[in-house]
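Trainee: Here's my sequence, what's the structure:
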Amino acid sequence: MTPAAALLGTWKMTAWTRTSVASGHVSDALGPDPVGYIAYHPDGHMMAFVAARHRAALRGAVPAEDEKAALFDSMLAYVARYELRGDHVVHHVEAAWNPAWQIDLVRPFTLEGDRLVISGAPGTDPVTGEAVIYRMEFRKA
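Mentor: I've put the predicted structure just below:
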């Protein structure tokens, strides 16, 4: 099976870590055991959604201003067109939870059976502004 064919489908996140470029410290990007999926479609579009598993309960039916900030900082979501370039997948982000991510995200990836790992590209943590390298692991859903 070609890498393009193997990448197609829905993938459930199993882990997401971030490594600080400055210190080398490794931590969970959204806490342990994040909830999320990434899906690649044959028409060249993809979508991603990830949230911290243990988000604070709301005080009411509608989030207060301070709760909105915490909710924003505990998730990631975007839609994009994608293309494969060798062992990299490029997400041409069309809309995102954070407009700063409406860029081309170039992501090295590996596929091993039902396991997808996207890792190796330096980036900027959208919450802290720190230079980091993310490592995301998925299993075929």
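Trainee: from here on, contacts and neighbour counts on C-alpha atoms
Mentor: Will do.
Trainee: pull the CA atoms of the longest helix belonging to the chain into CSV?
Mentor: What stands out as the longest helix in the chain, according to DSSP state H, is helix 65-73. The C-alpha coordinates for helix 65-73 follow below in CSV (Å, rounded to 0.1, in the frame of the first residue of the first chain):
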residue,chain,number,x,y,z
GLU,A,65,-15.1,35.0,29.8
ASP,A,66,-12.4,33.4,32.0
GLU,A,67,-13.7,30.0,31.2
LYS,A,68,-13.6,30.7,27.5
ALA,A,69,-9.8,31.4,27.7
ALA,A,70,-9.3,28.1,29.5
LEU,A,71,-11.3,26.2,27.0
PHE,A,72,-9.4,27.8,24.1
ASP,A,73,-6.1,26.9,25.7
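Trainee: so residue 33, which of the three states?
Mentor: What DSSP: H, G, I helix; E, B strand; the rest coil gives for residue 33 is coil.
Trainee: Relative to residue 81, how far out is it?
Mentor: Look at residue 33 and residue 81: by C-alpha to C-alpha, to the nearest Å, they are 27 Å apart.
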